[in-house]
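Colleague: This is the structure alone, sequence omitted:
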């Protein structure tokens, strides 16, 4: 591919990258400059002449860098996380941001299994003892993993790879995932169970979920108490999924038989009593640190950049919405609405998902149903999967989980000219949402379950049901005010005077768990939920 004046397009690599990545780009006809460790001011000065930028985690691609990238079309991250890239600024400039999902899947799964075996056989502790001059075989008697039960929380790509390896060790593999369907799990040899049953039956428990408000502190004092005595925990996913203080208490009481941690609530972690415990082994976030994984992501990011610049394909796109800038102007707000509805449904639902239905009314919305189904999944799946999710891969990830998204279309809108509805059924209930677009681009929710509302699905939402009585809203407002939580908007719906009412508040501030618990204790309050729609994950 050539740039202006028949000169080859230039690609700048500003972080350490395996040679295979540069070789692929050069073979594709690009001019590659490899300058790892660039200073921020040097990057800003040089970026203007490049069509693509390749980074890992060290380079910070700020809005200032992006503003100077006059010819920049693609920013590629050799890895998964894009926290070091201002994705919003890139999107506004029409620059693709891509990452390399799946490149470290095998490495992360193998590290998890290595940690499990090390934990079972006390290998690190025995090594330290022997190199310290001791020969103490009785002290380090271990356990076999054969016919032991491992509970896998989160059955994304890495969770499934862990399951495959544990099956090869002769272990009983049980799993929990609110989206994975039973038939899909059975095909993988995984027995799908509830979270409570997983706690009760597992000898080892490993977590492979994203870190969200739902999964933060998932393993805590209460969940540890529900486990069988002597359970061993593994976390090679994200720090914070296991409450480290609760884990230490479980170890000290003997309820927990051991723990192997590769990730921590704070990284690098402070030295804590958890590190001193004899039944804890730790590694410094090494899940993706293998030569093979580094080569895979280097090759993967190079191929994806070449495909994007030559307009052959778009894989691993983080800001996928820019691929749809050529869509009719009137469709784009409905795509944003679909993502917000999917995210809200994920935060409202309880139990295991059994079906998802997306219903479009109106000719324009019906014509974009496939895109809007992907938008719903794009909003919903990041709450359950650690894998990067975008418009492109969301339908494929859902299919892997055995989720079928049904669709309904009515070209003649009965109540609104164009509207979008989402119905999610679980084994514990159902979430119904209806939304539309007012004017050119004002997205609104107009129905939640059976209650008619008018809600701007942005930022923080406080949602609860209560008996329709005078003064109730004032009590909630006073509690929020006492905690300096400002209310930005209120929508009320009710089934009838004095009957059940639904209140949805847009609030300006995050509401802490203690404050939510205080609100939930108000007499008459039920089904209180707090949702963050400030941005798609």
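Modeller: Arrived safely. As the structure is a prediction and not an experimental result, all values here were calculated from the model.

Colleague: alpha carbons only for contacts and neighbour counts from here, please
Modeller: Will do.

Colleague: Relative to residue 515, how far out is residue 481?
Modeller: 11 Å (Cα to Cα, to the nearest Å).

Colleague: What pLDDT is listed against the nearest residue in space to residue 354 that is not next to it in sequence?
Modeller: Closest residue in space to residue 354, ignoring its immediate chain neighbours: residue 426 at 5.0 Å, by Cα to Cα, 6 or more residues apart in numbering. Residue 426 carries a pLDDT value of 91.

Colleague: What is the burial count for residue 426?
Modeller: Counted with other Cα atoms under 10 Å, the neighbours of residue 426 add up to 17.

Colleague: Can you name the residues that contact it?
Modeller: 349, 350, 351, 352, 353, 354, 355 (Cα atoms under 8 Å, 6 or more residues apart in numbering).

Colleague: Leaving aside the residues adjacent along the chain, what's closest to residue 525?
Modeller: Leaving aside its chain neighbours, residue 525 sits nearest to residue 466 (4.7 Å; criterion: Cα to Cα, 6+ apart).

Colleague: I'd guess the one you found is in a strand, am I close?
Modeller: Yes: judged by DSSP: H, G, I helix; E, B strand; the rest coil, residue 466 forms part of a strand.

Colleague: Can you give me the distance of it to residue 125?
Modeller: Separation of residue 466 from residue 125 (Cα to Cα): 55 Å.

Colleague: Ok, residue 487 next?
Modeller: Here residue 487 is placed at a distance of 54 Å from residue 125 (Cα to Cα).

Colleague: next one: residue 110
Modeller: Distance of residue 110 to residue 125, given as Cα to Cα: 20 Å.

Colleague: Same question for residue 428.
Modeller: To residue 125, residue 428 is 45 Å away according to Cα to Cα.

Colleague: on that earlier part again, how about the contacts made by the residue nearest to residue 525?
Modeller: Residue 466 makes contacts with 500, 501, 502, 503, 524, 525, 526, as judged by Cα under 8 Å, 6+ apart.

Colleague: Apply 6 Å and report the result again.
Modeller: By Cα atoms under 6 Å, 6 or more residues apart in numbering, the contact set of residue 466 is 500, 501, 524, 525.

Colleague: Does the second one fall in a helix, a strand, or a coil region?
Modeller: Here residue 501 is strand, with the state taken from three-state DSSP.

Colleague: What residues are bridge-paired with the residue nearest to residue 353 when sequence neighbours are not counted?
Modeller: Distances taken as Cα to Cα, 6+ apart place residue 426 nearest to residue 353, at 4.2 Å, with adjacent residues excluded. Under the criterion DSSP bridges, residue 426 forms beta bridges with residue 353, residue 429.

Colleague: How much space separates the closest residue to residue 183 other than its chain neighbours from residue 156?
Modeller: Nearest residue to residue 183 in three dimensions, chain neighbours excluded: residue 402, at 7.3 Å (Cα to Cα, 6+ apart). To residue 156, residue 402 is 12 Å away according to Cα to Cα.

Colleague: swap in residue 428?
Modeller: Distance, residue 428 to residue 156, by Cα to Cα: 23 Å.

Colleague: And for residue 295?
Modeller: Distance, residue 295 to residue 156, by Cα to Cα: 22 Å.

Colleague: do residue 250 as well
Modeller: Residue 250 sits 28 Å away from residue 156, going by Cα to Cα.

Colleague: how about residue 63, what does it touch?
Modeller: Here residue 63 is in contact with 86, 89 (Cα under 6 Å, 6+ apart).

Colleague: Does residue 96 touch residue 72 like I think?
Modeller: No: Residue 96 is beyond contact range of residue 72, at 9.0 Å (criterion: Cα atoms under 6 Å).

Colleague: which residues are contacting the worst-scoring helix or strand of the chain on mean pLDDT?
Modeller: Taking mean pLDDT, DSSP states H and E as the measure, helix 87-92 is the helix or strand of the chain with the lowest mean score, a mean of 80. By Cα under 6 Å, 6+ apart, the surrounding residues in contact with helix 87-92 are residue 63.

Colleague: residue closest to the middle of the chain?
Modeller: residue 382 (3.6 Å; Cα atoms, centre = their mean).

Colleague: And that residue, what's its pLDDT?
Modeller: Predicted confidence (pLDDT) for residue 382: 90.

Colleague: same check, this time on residue 3
Modeller: 54.

Colleague: How about the one 5 residues further on?
Modeller: Model confidence at residue 8, expressed as pLDDT, equals 85.

Colleague: Show me the shaky parts of the protein.
Modeller: Along the chain, the parts satisfying pLDDT under 70 run over 1-6, 320-328, 388, 392, 412-415, 498, 535-537.

Colleague: Now do the domain split for it, please.
Modeller: 4-103+292-323, 105-282, 327-449, 458-537 (automatic domain parsing).

Colleague: Centre of the chain to the first one, how far?
Modeller: Think domain 4-103+292-323. In terms of Cα atoms, centre = their mean, to the nearest Å, the centre of domain 4-103+292-323 is set 23 Å apart from its chain centre.

Colleague: rewinding a little: ok, so of the contacts of residue 426, who is nearest residue 389?
Modeller: Closest to residue 389 out of the contacts of residue 426 is residue 353 (18.2 Å), distances taken as Cα to Cα.
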